[in-house]
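Asks: Whatever this is, show me its structure:
(chains A and B)
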Protein chains: 2
Amino acid sequence: MEARARLRDDGGVMRIEIINTGSELMLGNVLNTHQQWLCKQLADVGWIVERQTAISDDGKSICNAVRESLGRAELVIVTGGLGPTSDDITRDEISKLLSRPLAVDAAVKKHIVDFFAKRGREAPAQTLVQAQVPEGAIVMTNQHGTAPGLAWVLDPNPFRESSRAVLLMLPGPPRELKPMFTAQSLPWLKTVLSTPVSFAVRTLRSTGIGESDVEANIAGPLAKLVAHGLVIGYCARTGEVDVRLSARGDHAKGIVLEAEQIVRTLLGAALYGIDEERIEEVIIRQCANGGQTLALAESCTGGLIAHRLTNISGASAVLKVSWVTYSAQSKLSLLGVSEQTLAGHGAVSEAVAREMAEGARLNSKADYAIAVTGFAGPDGGTDVDPVGTVYIALASRCGTQVSRRINRYERETFKHVTAQQALELLRRELLGLRQLEGKK
Amino acid sequence: MEARARLRDDGGVMRIEIINTGSELMLGNVLNTHQQWLCKQLADVGWIVERQTAISDDGKSICNAVRESLGRAELVIVTGGLGPTSDDITRDEISKLLSRPLAVDAAVKKHIVDFFAKRGREAPAQTLVQAQVPEGAIVMTNQHGTAPGLAWVLDPNPFRESSRAVLLMLPGPPRELKPMFTAQSLPWLKTVLSTPVSFAVRTLRSTGIGESDVEANIAGPLAKLVAHGLVIGYCARTGEVDVRLSARGDHAKGIVLEAEQIVRTLLGAALYGIDEERIEEVIIRQCANGGQTLALAESCTGGLIAHRLTNISGASAVLKVSWVTYSAQSKLSLLGVSEQTLAGHGAVSEAVAREMAEGARLNSKADYAIAVTGFAGPDGGTDVDPVGTVYIALASRCGTQVSRRINRYERETFKHVTAQQALELLRRELLGLRQLEGKK
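Replies: Predicted structure coming up:
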């Protein structure tokens, strides 16, 4: 079975497409997070998605998209539209498209009934539609809901001559889709699809340098490796640039490793992490290893720095406390900022940032304390410190440093960029890179 | 010019497709947020996107996707690949696909040179590639970067017989794309595309009821309106269900309004907001109107509740302070939780949550204080209170109520769901709905 169903044993690169269904996606009501998550899971085993499509929940759109994708790809993953409501029509439409009639699957029906029984109630009649399984489909049990995943090895592929294809349908809610894909779909795909061509990728994440400067620095020294198959990608985000190094084939790993070493030498301290690593992860790991603790005093970032740090497992050993002192009064009473400083310099000032950080460090007995205060806008600001001005202070046993930045963005981006700068200031301090700040 | 170039004056629904380019999207390194944002901007003026596609930065993928989309749609928007680095090939590929040769545009070149001059430096040579403009393209100046947007009215559309199409290319970075689209692209599109068919949509956001129960409640009473063209969509998110009501044509607005009133009557207090409204917006607005203030004491949510509230403009008048008391010690010293309570009940307990909320209210003099304490996992938990257990306390002048929940999710979802429950507890209190809690 395994050998028979393997696809693309010819050594070619397997083509993969993802189709996300949902009218809410087309209206912009909901962010499509499945695309990134599924692409990442597949890339981790060397399967690179070639195309992702999102369409609304209507029969024609679904059938057209599935037919076209099967006409091009060996693996097609469809998400959404398997639930109990009347707009959940993916199962129905695909069963018709493939001429695989629906019939009640007793095991799925029992799962649905049990699911509700465990919650002390009878299964609503409408939920039983999810027990309808198209002929020949492999059923993947939904451990976190009622709609099962469904899959086929289509041999032959009805929409592409002399080829086979795998079609996988997954429920839309992320907390149902993710565990199902990880525990059931991916292991199954590995048994029916060909082992991927050797593929290596490494993303190096930098901050503080522009995109074209990053390329100007590294493109020349990497040219020899590009001639041997290295592919370089650049992705600019606010205040950051990712450099993606990838290669295929037998020497992929060695090429990417050599390229990584060259980029590390050239970009040095501007690199803060690899792959999906976030700056907060680097900080929590670094502090945890050194037994160091943190405290925060956040004004204009409003809790975001604490939120980002506490997303990281292990944060509880590092972050002692954060004060989100959104009112001026709370800066005085909770952090010990002096009334003279506040009156003389204003809440957004180097002096207040300094006293906030020192107060936070003193009150928490943490090794490091970060404080941020700024004008998020749209109101506020002065001639000297216009909207967007931020003071970031870092207090440690070596004293307190304060950095001033101008971040002219709308509210949420302003918070993100400011938090990123504060975390970067701390990262450089933790790595003993403070002296490099002046050299830039 | 305007009349000549208008598309689909036949009254048909205009077909729109979006193509996002970027190899980082296919590797799952980056979340595609353009899809949602662009769909939303277009839907707001009645243009509903029919299909969205994401592909990697390679010439064949880009050309195939653009050719196919132009073969189906009257408006095609392509994002990304207009920057200065070597993997930015969209401009080049589309210029070849449409046989519109590139030439340096003096105004764009000056913009790039000035952009760098303002930052006290010379434009790197590589950035000048962005001054290459394909023949006949309309140029949209990039106010926040160097790559211009480009657009054409293709008349005739080379990939679809007897039709015209608009092709719009936008730079990838969100803070360049968004202002360009709002200030330049959308106004221009309105002049060259036909006025949309009348379209009305309203999303009602509910919490605390399952998806199939929501439908069971409302589908029958809405059936008459469905016969008149109402389209109902359901979107389940963790702990929430959105009901989307839409209609097209002359009576669209009236039909959607009538449907909204029916759903409001049937779902009542379970509805917390409309369209993209977030529960934190409802709370900030409600508090600001009533002159009420808030304080928070967050343990397991780690600053997320403060972050969400401070994303809302106007939060500074409402949120006085948040303590992120991640360590047990900080609960004692900062919130006045008694040592006996902590020792006798443990940090995750009804008694500690109560004392945290009351301490936060007392220390801040806020009208309301919310406290959360729980076991986020993967470690921790007891026999009585397993991993996922959360106590949420709300203190007000009427006393303190504590709610216990079991949220078994991975770390970030756990934080999100817990924050949502805490905000919902507060929303119901603010609306005087506390008594309804017991009736569910």
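
Asks: okay, CA-based contacts and neighbour counts for the rest of this
Replies: OK.

Asks: Quick check: residues of the stretch 151-300 of chain A near chain B?
Replies: Within the stretch 151-300 of chain A, the positions lying close to chain B (CA under 8 Å from any CA of the partner chain) are A:173, A:175, A:211-213, A:215, A:232-238, A:275-276.

Asks: now with 7 Å?
Replies: Contact residues (CA under 7 Å from any CA of the partner chain) of the stretch 151-300 of chain A with chain B: A:P173, A:S212, A:E215, A:G233, A:A236, A:R237, A:E276.

Asks: Okay, and which of the residues you listed map to strands?
Replies: In this view, these that belong to strands under DSSP state E are A:G233, A:A236, A:R237.

Asks: ok now do the last one, which residues does it touch?
Replies: By CA atoms under 7 Å, 6 or more residues apart in numbering or on different chains, the contact set of A:R237 is B:P173.

Asks: redo that, cut-off 10 Å
Replies: A:T207, A:G210, A:E211, B:V30, B:G172, B:P173, B:P174, B:R175 (CA atoms under 10 Å, 6 or more residues apart in numbering or on different chains).

Asks: low pLDDT regions in chain A?
Replies: Low-confidence segments of chain A, defined by pLDDT under 70: A:1-12, A:195-196, A:433-440.

Asks: A:E93 belongs to a helix, doesn't it?
Replies: Yes - with DSSP: H, G, I helix; E, B strand; the rest coil as the criterion, A:E93 is located in a helix.

Asks: From A:L271, how far off is A:E424?
Replies: Counting by CA to CA, to the nearest Å, the gap from A:E424 to A:L271 is 11 Å.

Asks: shared neighbours, those two?
Replies: Residues within reach of A:E424 and of A:L271 at once, by CA under 10 Å, 6+ apart, are A:T207, A:G208.

Asks: show me what contacts the residue nearest to A:L97 when sequence neighbours are not counted?
Replies: Take A:L97 and drop its neighbours on the chain: the residue closest to it by CA to CA, 6 or more residues apart in numbering or on different chains is A:C63, 6.6 Å away. Residues in contact with A:C63 (CA under 10 Å, 6+ apart) are A:S69, A:T90, A:E93, A:I94, A:K96, A:L97, A:L98.

Asks: Would you list the phi and psi of the residue lying farthest from the centre of chain A?
Replies: Here chain A reaches farthest from its C-alpha mean at A:Q340, the gap being 44.3 Å by CA atoms, centre = their mean. With angles defined as degrees, to the nearest 10, A:Q340 sits at phi -60, psi -50.

Asks: and stretch A:281-290, how far out from the chain's middle?
Replies: Remark: stretch A:281-290 is offset 20 Å from the chain centroid, using CA atoms, centre = their mean, to the nearest Å.

Asks: Ok, stretch A:269-278 next?
Replies: Its chain's C-alpha centre lies 14 Å from the corresponding centre of stretch A:269-278 when counted by CA atoms, centre = their mean.

Asks: What is the end-to-end distance of it?
Replies: Start to finish, the residues bounding stretch A:269-278 are 15 Å apart (CA to CA).

Asks: go on, stretch A:124-141?
Replies: Calculated as CA to CA, the first-to-last residue distance of stretch A:124-141 is 19 Å.

Asks: I'd like the distance from it to the chain centre, please.
Replies: With CA atoms, centre = their mean as the basis, stretch A:124-141 stands 31 Å off its chain's centre.

Asks: cool, and stretch A:329-336?
Replies: Worked out by CA atoms, centre = their mean, stretch A:329-336 lies 36 Å from the chain centre.

Asks: in it, what counts as buried?
Replies: For stretch A:329-336, the neighbour count (16 or more other CA atoms under 10 Å in any protein chain shown) marks A:Q329, A:S330, A:K331, A:L332, A:L334, A:L335, A:G336 as buried.

Asks: Which one of those residues is nearest to chain B?
Replies: Checking the buried residues of stretch A:329-336 against chain B with CA to the nearest CA, the nearest one is A:S330 at 6.6 Å.

Asks: State whether that closest one is indeed within a strand.
Replies: No - assessed with three-state DSSP, A:S330 is helix; it does not lie in a strand.

Asks: Which residue, other than its chain neighbours, is closest to it?
Replies: Distances taken as CA to CA, 6+ apart put B:V321 closest to A:S330, at 6.6 Å, once the chain neighbours are dropped.
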